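Participant: got a structure for you, letters missing:
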């Protein structure tokens, strides 16, 4: 069922397959709809895939895998959790998740921003890359599982650790394994053995805060948090790549 008002179009996704729902979504976008609300979304995948427009998509429920893949421009807001592969090879746009997200969030992202209120699964930010002024960004409110930022080549990853108790360490292991570009900003404690051998650790300088502070403020704006309270918790540091070619010795010239 499709319900339209003067400025908003709604789709009731109950009982629709992912093909049926995405076909209706593309028809509405082609007709010039600027704000589309999907209600009763239960696992339909590929929502927003390869859309090249500034349309705003509001999802109520739990979208399936590959949300916003290859998209260039849309703004997607999820009132619920997201599954695996959110923002796969995303090029531009914004994804805001009012819950948690699954594995490989931001896989090979090339641009745009992803904000997750809570935690994420495994291998998030893997193979993120950047080109000139285009830098993908992922901001995670809570914590991540293993292989965060694996083979990361560019962009910005932020983990705020808001679910960690005072003195508690992050749970992720192999953070930044194979990392050869970009930066990871982490709040909270982490052991050296949890980091990939390719990763260096440093305190934040003024340039880092010029990047991080606006992202924390944007996170707070999306989710109704207090940016200054988050910043005031302290213990922020950055992880960076020690080499642009960490595995060069494994290959012949």
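Facilitator: Nice, I can see it. Just so it is clear, the structure is predicted and the values come from calculations on it, not from any experiment. Numbers count the residues shown, from 1 in each chain.
Participant: helices of this structure, residue ranges please.
Facilitator: Under the criterion DSSP state H, helices of the chain are mapped to 18-30, 206-223, 227-232.
Participant: redo the ones you listed as CSV? Include mean neighbour count, mean pLDDT and distance to residue 91.
Facilitator: Bear in mind the C-beta positions are built from the backbone N, C-alpha and C, glycine included. Formatted as CSV, the helices of the chain follow (neighbours: other C-beta atoms under 10 Å; pLDDT from 0 to 100; distance: least, C-beta to C-beta, whole Å):
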stretch, mean neighbour count, mean pLDDT, distance to residue 91
helix 18-30, 16, 92, 16
helix 206-223, 15, 97, 19
helix 227-232, 14, 94, 28
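Participant: want to throw the ones you listed into JSON lines with distance to residue 188?
Facilitator: Converted to JSON lines, the helices of the chain look like this (distance: least, C-beta to C-beta, whole Å):
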{"stretch": "helix 18-30", "distance to residue 188": "37"}
{"stretch": "helix 206-223", "distance to residue 188": "14"}
{"stretch": "helix 227-232", "distance to residue 188": "11"}
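Participant: so which residues of the chain form strands?
Facilitator: 2-4, 9-12, 35-42, 56-62, 72-79, 92-97, 113-116, 137-140, 153-159, 181-187, 199-202, 236-241 (DSSP state E).
Participant: and the contacts of the third one?
Facilitator: What that stands for is strand 35-42. 7-14, 21, 25, 28-29, 47, 55-63, 80 (C-beta atoms under 8 Å, 6 or more residues apart in numbering).
Participant: which of those are buried?
Facilitator: Among these, those buried by neighbour count (16 or more other C-beta atoms under 10 Å) are 9-11, 13, 21, 25, 28-29, 47, 55-63.
Participant: any low-confidence regions in the stretch 151-253 of the chain?
Facilitator: Within the stretch 151-253 of the chain, the stretches with pLDDT under 70 are 244-253.
Participant: repeat the analysis, applying 50 as the threshold.
Facilitator: Nowhere does the stretch 151-253 of the chain drop to pLDDT under 50.
Participant: next: the stretch 1-150 of the chain.
Facilitator: 6.
Participant: again, only this time at 70
Facilitator: Looking along the stretch 1-150 of the chain with the criterion set at pLDDT under 70, you get 1-6.
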